[in-house]
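[1] here is the input, now give the coordinates:
(3 chains)
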Amino acid sequence: MKQMTCIVCPVGCHLSIDDNLKITGNRCPRGEKYGIDEMTHPKRMLTSTVRTIFSSHPRLSVKSNTALPKGLIFEAISVLDDIIIDKNVKIGDVIFSNIMNTGVDMIATANIQIDTNHGRSI
Amino acid sequence: MYDYIIIGAGIIGTTIARELSKYQVNILVLEKENDIANQQTTANSAIIHSGHDPKPGTLKARLCVRGNALYHTLEKELSIPLLKTGAFVVAHNPDEETLLHALEERAKINGVPETMILTGDKARQIEPNLTKHATMVLSLPTTMVTYPWEVAIAALENAIKNGAHFRKNSEVVKIQKNEDKFILTLKSGDTLETKHIISAAGIFSDEVAHMIEEHVSYQIQPRKGEYYVLDRKAVQLFSHVLYPLPTEKGKGVLIVPQVHGNILLGPTSTLVDTKEIASTTQVGMAQIKEDLKRLAETIPYELIIRSFAGVRASSSYDDFFIQESKEVKGFYHVAGIDSPGLTAAPAIAEYLVHEVIQIKNKPKEYFNPIRQKQKAFYSLSVDDRKRLIESDPRYGNIICKCEKITEAEIVSAIQGPTGVDTIKGIKKRARAGGGLCQGGYCESLVLKIIARETGKPLNSINYYAENTPILVQETKVKK
Amino acid sequence: MKTDIAIIGGGAAGLSAALSAYDQNLNILVIEREKTLGGILNQCIHNGFGLHVFKEELTGPEYASRFIQKFHEQNIQFKLHTTVLDIKKNQDFELSISSLESGMETIHAKAVILSSGCYERTRGSIQIPGERPKGIMPAGSAQRYLNMEGYLVGKRIFILGSGDIGLIMARRMTLEGAKVLGVAEIMPYSNGLTRNIVQCLDDFDIPLYLSHTVTDIRGKDVLEGITIQKVDETFKPIPGTEIQFEVDTLLLSIGLVPDISLFESLNIEKSAITKSAIVNQFYETNIEGLFVCGNALHVHDLVDWVTEESEKAGRCAKNYILHGASEHRMEVSVKPGKHIRYIVPQKIDFSRKDAPVELSFRTTKKMESGIFYVYQNGVLIKSKKAKYIAPAEMEHLLIKPEDFISNDPIELILEEVKS
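    Numbers count the residues shown, from 1 in each chain, chains lettered A, B, ... in the order given. Sure thing, here's the model as predicted:
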């Protein structure tokens, strides 16, 4: 019997998983899926920032549009080091697609609206 | 070649520099730290004592009383804050009352101009939060409180205005005497020449003296004092400086209203081995809480926003050690300056220049004693604030919202010969980051202003000393 | 300049309050000191926001943008990069404001909502002994430097306090290349969301030292090391349990305090527990027309609760302007009883009984299962079952007008249900 805490949402249900991967303790179906995933191929959402050329907004916050294999997180961060945002961006815009060939995209989670002629935020 | 090099830009070195700058002499002030007044001057109770406590006949007694009087002139000439709080020394029983009377006698002998004995009840009418166990107090109306750091910078700014020179990050590591001149070697390797040296090096006085004397007549016995600062919310609680009766260890743990509205509690007094480790301790806090019970019942310890410790340059010599070296002519000791050093500072400068050095150089024709300081935005009326903003819109940009410090004041603290480009240096000068949130909000804004004004990259801006950058590594840099 | 409702702070609370206060017949002005709206959400680039309000999990900036978008659509007036210096009350409220762009101005407002958030507790507030080198800072400051400016404040980190900010920063610093050597928590349990213990500490093998605190700081100019020690039931450090760490940074995640410094010049009734104003069910202080909501009223663990609370407060301010104040308030107390640490609102005004009363509160004890009971005149008027109760998680309970049996004080208690 393995114990773990579900991290899918802030409630943090206490899960118990038996040898047959049967989950108990979850308050919603996502918890069941999380428990199984965590035992077989753990995944994590990645939130981070990427560099921009804009002095008034030096970093753009980004997130993975779905969870990435846990083991690839540090490499994914490294890939983000090479990105430089040089134009306006809207929430949801894909900043880097198919990161590390996982099929997961990194998307913008903030808006950048700079009047690129004058460098001012509009 | 200088006429005088002053080692140490604390309150003593800077007031001496100012006094000397009245004469036609070439002066250089050397400071080993990255900013002036970083040791004792910045870690004491800020009290301008009346002079009731030092042993009669000592320099401490004489210069404390004289210094107290001189602060009124300094207030006008240097635009330093001076809170006329007065003080009570508190007695709780007949034995202590006897000691209190003896203390009053001593004050009178020392020349303290005003003293008064009050009953405990009368004292509590004036100071309602005074302990209910006080039976009698000695009132010392000439006691005041200042902002010591600002006195030092004001004195130095004025000295520089009148021709003195200043170098920071200039630790002296070697002194040689060559016929009628001294050669000082700095840590950087630079050498300087001067006819006279005045050593005002605080806790390092004996070490500096050892550089040139075979036998140094005193030894610094560093004493650490811990302090706790209550937020301005406590300002209504006490209006006087409150002292317990003094013991051989010193004046004791005090309650001291500060010029910015905070209340200072402390200091403790413990001998320490190392001069530079000024740490606060749980034992120290507990001691202060215990000792303060003798002064007041309700102290809002939950309003503590900050604590610090300072190391006093107490010495084995029983008084201020202000004299020319017996071994080396032209080398002047100004050592063992612990309490009442802050109070005595202007009088020490007078005494040194006129009675010890007995300066023969001609006074300057155009010595300007006035150092003007723009009054802080937060202290001005609405109309004055608006006028200031009209002159410079950056006075409208509030950076430190806890203390209402504006961009213009921060920029002004960066510029000039005594300007500084560190976070803590700005806090000392402009007070940004000195309030309730202790820079939690404004530090990043101040950092950006410093970077902009100095043209330095953001991650090179230091907290205080050299090589203390707040930002250690930039992220997302291509490898 | 005149307005009907002045809202101080354009973060989560201020934005929601402004949106719900909006009415065609009213002038609303939001005053924000940063150059953008959004408040602290702008630097909270991690997930976990909006689960209740939007049924989606969003990052801080995304959550903020939902409201900022609506805000711009409604055309609500706002001033950015502007600081409120003080508030006075005469006939109406006079706010003295200042900015680089426009200098000093006075705003006259009929009502004011204070949604100014909170500030982080600093080293001085818990008097950590030791030297005072560079390298000790609140976790939120490090978060701002990292997420907004793009800089690490250190390479070898220790974190004091297992609140969410500390846990989130443990992960963030690690992902960006720093080494986090541990997190110390003075309580015997963590203050933060359990999910954060997993995804911020366990995932990176960062040890959590419960019942420990920092007892020494070493380093003259830069931080060189710290000592942590185990504490006993009275939170006194136990000799002999010292552990030393060589670090260049100590991040403090030791609590948030409502920022109500603008109330200094007003005669506001305050609560010593929430460290903010005492309010009634309309989020109104003892001063008529002065409302408080969000973290400025009490520290929330989820922004969703800030939004719900501020929506109500905005509506209350709007009603105040449109319908006027009660002739005569009939306020009674809301008492926190067994296992309840504090309740907001602290008072109920029974002169207006039309709307339900929402109680937001925190417990003192962690328990798997419990029942909240509300008593009035010794009679049980409401109960609510709950699971996984913890002091770190705010609870809510709604009392409808018909539930009350009188205009007398009420008491809320929590009884544990043991399995």
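
[2] can you point me to the longest helix in chain B?
    In chain B, with assignment by DSSP state H, the single longest helix is helix B:59-78.

[3] report the contact partners of the nearest residue to C:R33 once chain neighbours are set aside.
    Spatial nearest neighbour of C:R33, chain neighbours left out: C:T83 (4.8 Å); criterion: CB to CB, 6 or more residues apart in numbering or on different chains. Glycine gets a C-beta too; all of them are placed from N, C-alpha and C. Going by CB atoms under 8 Å, 6 or more residues apart in numbering or on different chains, C:T83 touches B:I398, B:K401, C:R33, C:I97, C:S98, C:S99.

[4] ok, what's across the strand from C:T83?
    C:T83 forms beta bridges with C:S98, as assigned by DSSP bridges.

[5] close to chain C: what parts of chain A are there?
    A:4-13, A:44-45, A:47-49, A:51, A:56, A:58-59, A:61, A:63, A:70, A:73-74, A:77, A:91, A:109-111, A:121 (CB under 8 Å from any CB of the partner chain).

[6] restricted to helices, list the residues you listed.
    A:I73, A:F74, A:I77.

[7] now do the contacts for the closest residue to chain B within chain A.
    Closest residue of chain A to chain B, CB to the nearest CB: A:R51 (4.1 Å). Applying CB under 8 Å, 6+ apart, we find A:R51 in contact with A:P58, A:R59, A:L60, A:D81, A:I83, A:I84, A:I85, B:K476, C:G150.

[8] swap the cut-off to 10 Å and go again
    A:58-60, A:80-86, B:474-478, C:150 (CB atoms under 10 Å, 6 or more residues apart in numbering or on different chains).

[9] list the buried residues of the helix ranked longest in chain C.
    If you go by DSSP H, chain C has its longest helix at helix C:303-323. The neighbour-count check on helix C:303-323 (16 or more other CB atoms under 10 Å in any protein chain shown) flags C:303-321 as buried.

[10] tell me which helix or strand comes right after that helix.
    Next helix or strand after helix C:303-323 toward the C-terminus (DSSP states H and E): strand C:331-336.

[11] mind giving me the packing neighbours of that next one?
    strand C:340-344, strand C:347-349, strand C:357-363, strand C:367-376, strand C:410-416 (3 or more CB pairs under 10 Å, 6 or more residues apart in numbering or on different chains; DSSP states H and E).

[12] between these, which gets nearest to chain B?
    strand C:340-344 (16.3 Å).

[13] so A:I95 touches A:I83, yeah?
    Yes: if you go by CB atoms under 10 Å, A:I95 and A:I83 touch, sitting 6.4 Å apart.

[14] now do the lowest-mean-pLDDT helix or strand in chain C: distance to the chain's middle.
    Of all helical and strand segments in chain C, the minimum by mean pLDDT, DSSP states H and E falls on helix C:194-196, at a mean of 86. Taking CA atoms, centre = their mean, to the nearest Å, one finds the center of helix C:194-196 at 19 Å from the center of the full chain.

[15] the next helix or strand after it and chain A, are they touching?
    Sequence-wise, the next helix or strand downstream of helix C:194-196 (DSSP H and E) is strand C:208-210. No: against chain A, strand C:208-210 shows no contacts by CB under 10 Å from any CB of the partner chain, the least distance being 13.2 Å.

[16] quick one: contacts for the closest residue to A:P69 other than its chain neighbours?
    Nearest residue to A:P69, sequence neighbours excluded (CB to CB, 6+ apart): A:K43, at 5.8 Å. By CB under 10 Å, 6+ apart, A:K43 lies in contact with A:34, A:37, A:64, A:66-73, A:102, A:104.
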